[in-house]
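J.: Fold the following, please.
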Amino acid sequence: MPISADMNSQQLQDLCRILTIAHHIPGRIRITLDRSALAADRGLAVADLDAFLASLERLQGIQDVRLNPMAYSCTITYDPAAIGADAWVALLEGRADQDGHQLAELVLSYAERLD
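T.: Numbering: from 1, shown residues only. Okay, the predicted model is just below:
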């Protein structure tokens, strides 16, 4: 499926509502996708998830992004000095604090550059 180059802040917020943190230690986070939400709106969620993951792979401080489609999860290895552990929590909770806002802006800026 092609990556959506049109991911906007509302789509990112909608996507983050169906993502949860399954496990997190500084430097490594595993995020899961709510299967029932995916079933309800598969097209939107998959396109936005593709854009989100592609954006993460390009961020400075991200070392590895591994998708496990069978488990509906993604494991992200990152440099905790570049991306604070609180930024992930803030992003997925939709908090408008500095950490969540900065990570959201980085994801969106890379999503806009995708072809």
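J.: The residue positioned nearest the centre of the chain - nearest residue in space that isn't next to it in sequence?
T.: With distances taken as C-alpha atoms, centre = their mean, Phe52 lies nearest the centre of the chain, 4.8 Å away. Nearest non-adjacent residue to Phe52, counting by C-beta to C-beta, 6 or more residues apart in numbering: Leu15, 5.8 Å away. Yep, even glycine has a C-beta here, placed from its N, CA and C like the rest.
J.: and if you look at Gly27?
T.: Counting by C-beta to C-beta, 6+ apart, the residue nearest Gly27 is Pro80, at 4.9 Å.
J.: neighbours of that neighbour, just the number please.
T.: By other C-beta atoms under 10 Å, the residues close to Pro80 number 13.
J.: Shouldn't it be within a strand?
T.: No: read with DSSP: H, G, I helix; E, B strand; the rest coil, Pro80 is coil and lies in no strand.
J.: Verify the contact between the residue nearest to the centre of the chain and Val107 for me.
T.: Yes: look at Phe52 against Val107 with C-beta atoms under 8 Å: they come within range, at 6.3 Å.
J.: Ser36 and Thr75, how far apart?
T.: Separation of Ser36 from Thr75 (C-beta to C-beta, to the nearest Å) stands at 22 Å.
J.: who has more neighbours, these two?
T.: Neighbours per residue (other C-beta under 10 Å) separate Ser36 from Thr75, with Thr75 holding more: 16 against 8.
J.: That one: helix or strand, and which one exactly?
T.: strand 73-78 (DSSP states H and E).
J.: Okay, helices next: where are they in the chain?
T.: Using DSSP state H, the helices of the chain run over 9-17, 35-40, 42-58, 85-93, 98-113.
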